[in-house]
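*Asks:* kindly return the folded structure for what I paste below:
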Amino acid sequence: MEHIERIDPFKHKQELMYPEHIARYMFAKQFTSNCVVLDCSCGNGYGSHYLALHGAAKVVGVDISEEAVNFSRQYFSNNNLNYMIGDASNLKEIQDNSIDVYVCFETIEHLSNADSMLREAKRVLTTDGILLISCPNDNVFKPNNPYHYDIYTKEKFASFVGGFFKYSKLFVQNNMVGTSILSPEHVEKANEHQNSIDSLAYTITAKSVEDADTWLLVCSDKELSNDISPVTTFFTTYSDYVIEIQQTIQSLYDENQELAKSWEEQKKYIIEVERQHRQTWKEQQEYIAKLEKQNKQIWEEQQEYIAKLEKQSKQVWEEHVNYIKRLEEENKKLADAWETHVKYIRSLEQNLKNK
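*Replies:* The predicted model follows:
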């Protein structure tokens, strides 16, 4: 299976997954000002484009999919932005120590050779370069996701990736239902290129770090600042979110109805197959019974014929024995007659000699 899943920035623009994905690039923006940035597995290019528009000196978007790279070039181009087809585990077109910030969001779980990807990140990063990498919590999103090669826990993710760098800081990302109070100017500002708005934010309910929707690591061989800013993004309005949930529920209901319909058809098919099986079984049993009856009849006829042959053979043998006995009796009579005849001849010969 090809381990690729990708957000469509046009199709998903009004869905929860878009602010979830773009938030990571909003978070990355604080590290990329006047920097050379590599966006590994850039997908359809919306994130690379965002960084290019918000202070990065140069952005290189890399993806293994030619289709994704062509899409990015068509819809998300900029003067300081370049896209290229490439493998995260072998960035042969990127020189050593040439990248200031290496961005790699929602990629590591798709790779069978994640260690090769991290070694490449180390190779292309400058000595004080920064890696920004995220990983979803599959126990929250999609257990047994067919697109994910590996499943990470917070500990596994942090220790594995952090092991390649001297310093790392863990951040968590959670999707939340919230509300905002904004002025019209704030709304206009928020709608323009997804700009951030300085505001007070309060978390009413919090999830544990282990149960976060997504984990994000900031890694470097240079000591990291303590002033890394958190990011919160909202999309359109709560009513749109409710509509999305309703649409999702309706979609699941429709899918369930289709499955129910399919199940009914399968049950009918199974019943028909069972009926045919019973009919076939009945016919086979009748045929077997008929064969057994025929075999029994043939066996009985053969036994009668054998008995008849044995009787005839016995009768012929008895007649043959009787015939031999008669011949023996006749031979004895002939022998007796011959003996009497010989005696008579001898007596005649004797009489002739005496005369």
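
*Asks:* list the buried ones in the longest strand belonging to the chain?
*Replies:* Of all the segments of type strand in the chain, defined by DSSP state E, the longest one is strand 125-136. Neighbour-count burial for strand 125-136 flags 125-126, 129-136 (criterion: 16 or more other C-beta atoms under 10 Å). For glycine as for every other residue, the C-beta is placed from the backbone atoms N, C-alpha and C.

*Asks:* got the domain boundaries for the chain?
*Replies:* Domain assignment of the chain by automatic domain parsing yields the ranges 17-236, 238-355.

*Asks:* pick the most deeply packed of these.
*Replies:* Greatest average neighbour count among those goes to domain 17-236 (a mean of 17), per mean count of other C-beta atoms under 10 Å.

*Asks:* what about that domain, average pLDDT?
*Replies:* Averaged over domain 17-236, pLDDT sits at 87.

*Asks:* and for stretch 306-324?
*Replies:* Stretch 306-324 shows a mean pLDDT of 90 in the predicted model.

*Asks:* distance from that stretch to the middle of the chain?
*Replies:* 80 Å (C-alpha atoms, centre = their mean, to the nearest Å).

*Asks:* quick revisit: for the longest strand of the chain, which outside residues touch it?
*Replies:* The contact list for strand 125-136, computed with C-beta atoms under 8 Å, 6 or more residues apart in numbering, reads 24, 27-28, 31, 97-109, 121, 152, 157, 161, 165, 173, 213-222, 224.

*Asks:* okay, helices next: where are they in the stretch 101-250 of the chain?
*Replies:* Ranges of helices in the stretch 101-250 of the chain, per DSSP state H, counting those that start in this stretch, are 114-124, 154-162, 184-191, 238-354.

*Asks:* re earlier: could you dump the domains of the chain into a markdown table and include distance to Asp8?
*Replies:* Below are the domains of the chain laid out as a markdown table (distance: least, C-beta to C-beta, whole Å):
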| stretch | distance to Asp8 |
| --- | --- |
| domain 17-236 | 6 |
| domain 238-355 | 15 |
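
*Asks:* so Val59 is in which element?
*Replies:* In this assignment (DSSP states H and E), Val59 forms part of strand 58-63.

*Asks:* which elements pack onto that strand?
*Replies:* strand 36-40, helix 46-53, helix 66-75, strand 81-85 (3 or more C-beta pairs under 8 Å, 6 or more residues apart in numbering; DSSP states H and E).

*Asks:* strands paired with it, and their directions?
*Replies:* Looking at strand 58-63 with DSSP bridges, its partner strands are strand 36-40 (parallel), strand 81-85 (parallel).

*Asks:* now render these as CSV, adding distance to Glu265.
*Replies:* Rendered in CSV, the data for the strands paired with strand 58-63 read as follows (distance: least, C-beta to C-beta, whole Å):
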stretch, distance to Glu265
strand 36-40, 46
strand 81-85, 45
